[in-house]
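Novice: Attaching a predicted model along with its sequence, questions to come.
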Amino acid sequence: MRSLYYTTDLLNDIFNSFDRSLSSKEQYKVLKSNIVDNEDHYSILLEVPGFLQDEVNIEVKDRVLNVKAEKEKKQDEVKYLVKEIDYSKAGASFSLTKDVDVDTVKAKMENGLLEISIGKKEEEKPKMIKIN
């Protein structure tokens, strides 16, 4: 059975390690996603509101797809009464199964949505061996 695993434990481990490496004021926001199993590829749609294309990085390493979005922190002299819009770092991770062809990862971003497409490997057909 073909599937793409969305590993919550992996997500927690990755982002907990990020949290330990950041100051106590900074936190990662976990990006919301939809995953679709199409016939020949998987589609992952992630919400990345407020981030520009060059602020988003996608990496595949050791069969884990990591998406990280980070804004450069700006120093401002404004005295805020309320400051709720302050997510400067966000991300998500996905554990990839062996039926995924990591060389086919493609991404596009439009209107705050990042769409990642990952092709599936063709199923290996049994090889008939002739007996001599």
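Specialist: Happy to help now that I have it.
Novice: okay, and the helix or strand of this structure with the least pLDDT?
Specialist: The weakest-scoring helix or strand in the chain, judged by mean pLDDT, DSSP states H and E, is helix 8-21 (a mean of 43).
Novice: strands paired with the helix or strand just after that helix, and their directions?
Specialist: Using DSSP states H and E, the helix or strand that follows helix 8-21 towards the C-terminus is strand 29-30. Under the criterion DSSP bridges, strand 29-30 sits next to strand 89-95 (parallel) in its sheet.
Novice: give the contact list for the most centrally placed residue in the chain.
Specialist: Nearest residue to the geometric centre of the chain (CA atoms, centre = their mean): V67, 3.4 Å. Neighbouring residues of V67 by CB atoms under 8 Å, 6 or more residues apart in numbering: L31, L46, V56, N57, I58, G91, A92, S93, L114, I116. To be clear about C-beta, it is placed using only N, CA and C from the backbone, and glycine gets the same treatment.
Novice: The helix or strand it falls within: how far from the chain's middle?
Specialist: Per DSSP H and E, V67 falls inside strand 64-70. Centroid displacement of strand 64-70 relative to its chain, using CA atoms, centre = their mean, to the nearest Å, is 5 Å.
Novice: I'm done for today, thanks for sticking with me.
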